[in-house]
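Asker: Got a predicted model here, sequence first, then my questions.
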Amino acid sequence: MKIAVIGTGYVGLVTGTCFAETGNQVICVDVNEEKIEALKKGITPIYEPGLEVLLTRNIREERISFTNDLEAAVQDALVIFLALPTPSGEDGSADLKYVLQVAAQLGDLITSYRVVVNKSTVPVGTAEKVAAILSEKLPAELFDVVSNPEFLREGVAVDDFLKPERVVVGAGSERAAKIMEELYNPFVRQGNPVYFMDTRSAEMTKYAANSFLAMKISFMNEIANLCERTGANVDWVRIGIGSDQRIGKRFLFPGIGYGGSCFPKDVLALNLTAKEHAYDFKLLQSVLEVNRLQKGRIIEKLRAYFRNELNGKLLAVWGLAFKPETDDIRDAPSIDIIEALLAEGATVKVYDPVAMDNIHRKFGDQLGYSANQYEALQDADALLILTEWSEFRNPDFEKMKMQLKTPVVFDGRNVYALEKMKEQGFYYESMGRNTVPF
Ligand SMILES: NC(=O)C1=CN([C@@H]2O[C@H](COP(=O)(O)OP(=O)(O)OC[C@H]3O[C@@H](n4cnc5c(N)ncnc54)[C@H](O)[C@@H]3O)[C@@H](O)[C@H]2O)C=CC1
Ligand SMILES: O=C(O)[C@H]1O[C@H](OP(=O)(O)OP(=O)(O)OC[C@H]2O[C@@H](n3ccc(=O)[nH]c3=O)[C@H](O)[C@@H]2O)[C@H](O)[C@@H](O)[C@@H]1O
């Protein structure tokens, strides 16, 4: 099948590459010329394990190509995917300007039947808005608008796309549903269900999924905070509740609050949708508040330890990306935490395996940047762990102690076992577990 993908960010690039991998002819479009030039050479602008290999193979076998020319891209494509940004607007609602602008452009370019598929995360009713814009220029028989939200996670995006736990398709017509069924057929053959529904339900499914996961994390963060106050250990509580299949083992890890390009903006946007419909979504408001507070917990711990004197302290930070296996720092909790440390007069030295360039673009010379994890520790009063990269899991503890001024670790991701830190002689505070004193 001939496919056009508009927008070559995370979602567009993975969508295009994976559909090429399953034998379709894909053309990807972006307004960013630099990005397109790099992609033509097989260079991906994002760090995503496995993506570049797949991309270069599909470029070599001529199943995927890149252009800045929207008209050329949609000329032959039967299916047009919109993988455009939907950032938070000023009031927290999803800003639809990119999606609606492209819809207007498509109205001028489409000359025969096309399925316009929205892969971006968009509020309920957006498919109808896109259809209304297309209708201004096109007769109804020339297009269908489908909602096909994406559930991939950064860091494991290729696997998530090729082996999805489910695919959701909101299609208003039989004709469009059939085309989508054919497109996803290779995935169905692997036993993964495709759920066909109306466009409004598909749009709501995406927000409900992200908000539910954000709620699960926030719930565990609150349990962790309570564990600290009651002397329980959240590791045991997590295992204890997670083995109940109704709860599930995943997404029960407490930490420094959820971040990333999606949970924060999507929870905000769903809350706004509720407001617009005069519905007071109390649970969602609590999720937002709990997450805001959780990012400050590690600062509270530091303040208590340093007796409110963070001014003049040298603090090392390991991990900046919003989670491991990505260089993405969009809405990363590390940003809020570093900003709070700087505001209190601390000096901050950072290290991350892949997100250094992105964090440098954000903070410039406000921070010290280290070439490796041990260099960051030199003379530091304490280490903060903000992303659970696997290379932080089994460090050379002796080297850490030698580099640090005092062997003090504040772990926002529960990377180490309490016994290990005790044995190694660290002062160690983590989330929802007992503090290991000197
Ligand atoms: N990043 C993720 O892991 C996931 C994101 N989503 C959703 O997918 C959508 C896209 O997200 P990302 O890929 O992360 O966004 P992104 O911001 O990384 O990429 C968007 C791309 O669209 C391009 N673009 C902007 N205007 C354009 C136009 N008029 N024509 C052509 N290209 C244009 C930009 O240059 C950029 O390359 C959002 O709605 C997001 O919520 C959904 C699931 C996962
Ligand atoms: O809509 C999206 O963009 C995507 O958002 C999330 O994917 P992603 O943002 O890549 O990252 P997650 O793995 O979900 O992690 C999000 C945040 O939650 C935090 N988290 C996750 C799990 C957990 O147990 N505890 C926890 O604090 C992570 O550290 C991270 O900051 C969803 O998991 C995807 O299904 C969805 O497609």
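Answerer: Cool, the structure landed. Ligands and ions are numbered 1, 2, ... in the order given.
Asker: residues in contact with residue 384?
Answerer: By Cβ atoms under 8 Å, 6 or more residues apart in numbering, residue 384 lies in contact with 298, 302, 315-318, 337, 409-412. The C-beta positions use only the backbone N, C-alpha and C, and glycine is treated the same way.
Asker: ChimeraX command for the buried members of the residues you listed?
Answerer: The buried subset of these, as determined by 16 or more other Cβ atoms under 10 Å, is captured in ChimeraX by this line:
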select :298,302,315,316,317,318,337,409,410,411,412
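Asker: Could you save the contacts of residue 384 as JSON lines and add columns showing pLDDT, distance to residue 113 and secondary structure?
Answerer: Output for the contacts of residue 384, formatted as JSON lines (pLDDT from 0 to 100; distance: Cβ to Cβ, whole Å; DSSP: H, G, I helix; E, B strand; the rest coil):
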{"residue": "298", "pLDDT": "98", "distance to residue 113": "55", "secondary structure": "helix"}
{"residue": "302", "pLDDT": "98", "distance to residue 113": "60", "secondary structure": "helix"}
{"residue": "315", "pLDDT": "98", "distance to residue 113": "59", "secondary structure": "strand"}
{"residue": "316", "pLDDT": "98", "distance to residue 113": "59", "secondary structure": "strand"}
{"residue": "317", "pLDDT": "98", "distance to residue 113": "53", "secondary structure": "strand"}
{"residue": "318", "pLDDT": "98", "distance to residue 113": "53", "secondary structure": "strand"}
{"residue": "337", "pLDDT": "98", "distance to residue 113": "51", "secondary structure": "helix"}
{"residue": "409", "pLDDT": "98", "distance to residue 113": "60", "secondary structure": "strand"}
{"residue": "410", "pLDDT": "98", "distance to residue 113": "58", "secondary structure": "strand"}
{"residue": "411", "pLDDT": "98", "distance to residue 113": "56", "secondary structure": "strand"}
{"residue": "412", "pLDDT": "98", "distance to residue 113": "52", "secondary structure": "coil"}
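Asker: Which residues of the stretch 1-150 of the chain lie near ligand 2?
Answerer: Applying Cβ under 6 Å from any ligand atom, we find that the stretch 1-150 of the chain lies next to ligand 2 at 121, 150.
Asker: The stretch 1-150 of the chain against ligand 1: which residues are in contact?
Answerer: So the stretch 1-150 of the chain meets ligand 1 at 6-12, 29-32, 35, 83-86, 98, 101-102, 120-121, 150 (Cβ under 6 Å from any ligand atom).
Asker: got it, and the stretch 251-400 of the chain?
Answerer: Going by Cβ under 6 Å from any ligand atom, the residues of the stretch 251-400 of the chain near ligand 1 are 261-262.
Asker: For the stretch 251-400 of the chain, what lies in contact range of ligand 2?
Answerer: Residues of the stretch 251-400 of the chain lying near ligand 2 by Cβ under 6 Å from any ligand atom: 251-253, 255, 258-260, 262-263, 322-323.
Asker: of all the contacts of residue 384, which comes closest to residue 192?
Answerer: residue 412 (34.2 Å; Cβ to Cβ).
Asker: How about that closest one: what's its closest non-neighbour residue?
Answerer: Spatial nearest neighbour of residue 412, excluding adjacent residues (Cβ to Cβ, 6 or more residues apart in numbering): residue 256 at 3.9 Å.
Asker: Measure how buried the one you found is and give me the count.
Answerer: 28 (other Cβ atoms under 10 Å).
Asker: ok but it is inside a helix, no?
Answerer: No: membership of residue 256 in a helix is not supported by DSSP: H, G, I helix; E, B strand; the rest coil, which gives coil.
Asker: For it, list the residues it contacts.
Answerer: 294-295, 297-298, 333-334, 337, 386, 412-413, 431.
Asker: could the residues of the stretch 251-400 of the chain next to ligand 2 go into CSV alongside neighbour count and pLDDT?
Answerer: Shown next, in CSV, are those (neighbours: other Cβ atoms under 10 Å; pLDDT from 0 to 100):
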residue, neighbour count, pLDDT
251, 16, 97
252, 19, 98
253, 20, 98
255, 27, 98
258, 27, 98
259, 25, 98
260, 22, 96
262, 23, 94
263, 22, 97
322, 29, 97
323, 20, 96
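Asker: Now do the SS call for the closest residue to residue 233 other than its chain neighbours.
Answerer: In space, not counting the residues next to it along the chain, residue 233 is nearest to residue 433; the distance is 5.1 Å by Cβ to Cβ, 6+ apart. Using three-state DSSP, the structure places residue 433 in coil.
Asker: pretty sure residue 433 is in contact with residue 418, am I right?
Answerer: Yes: under the criterion of Cβ atoms under 8 Å, residue 433 makes contact with residue 418 at 5.9 Å.
Asker: Of the two, give the one with the bigger neighbour count.
Answerer: The neighbour comparison of residue 433 against residue 418 (other Cβ under 10 Å) goes to residue 433, with 23 against 16.
Asker: and that one, what pLDDT?
Answerer: With respect to pLDDT, residue 433 has a value of 98.
Asker: again, but for residue 189
Answerer: 73.
Asker: From ligand 2, how far out is it?
Answerer: From residue 189 across to ligand 2, the span is 22 Å (Cβ to the nearest ligand atom, to the nearest Å).
Asker: okay, the helix or strand containing residue 360 in PDB with CA atoms only?
Answerer: Element membership for residue 360, per DSSP states H and E: helix 356-363. Provided in PDB are the C-alpha atoms of helix 356-363 (Å, rounded to 0.1, in the frame of the first residue of the first chain):
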ATOM      1  CA  MET A 356      23.900  15.700  27.400                       C
ATOM      2  CA  ASP A 357      23.500  17.700  24.300                       C
ATOM      3  CA  ASN A 358      19.800  18.300  24.900                       C
ATOM      4  CA  ILE A 359      20.400  19.400  28.500                       C
ATOM      5  CA  HIS A 360      23.200  21.700  27.400                       C
ATOM      6  CA  ARG A 361      20.900  23.400  25.000                       C
ATOM      7  CA  LYS A 362      18.500  24.000  27.900                       C
ATOM      8  CA  PHE A 363      20.900  25.100  30.700                       C
END
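Asker: Any buried residues in that helix, and which?
Answerer: 356, 358-359, 362-363.
Asker: And stretch 199-213, by the same measure?
Answerer: Neighbour-count burial for stretch 199-213 flags 199-200, 202-207, 209-211, 213 (criterion: 16+ other Cβ under 10 Å).
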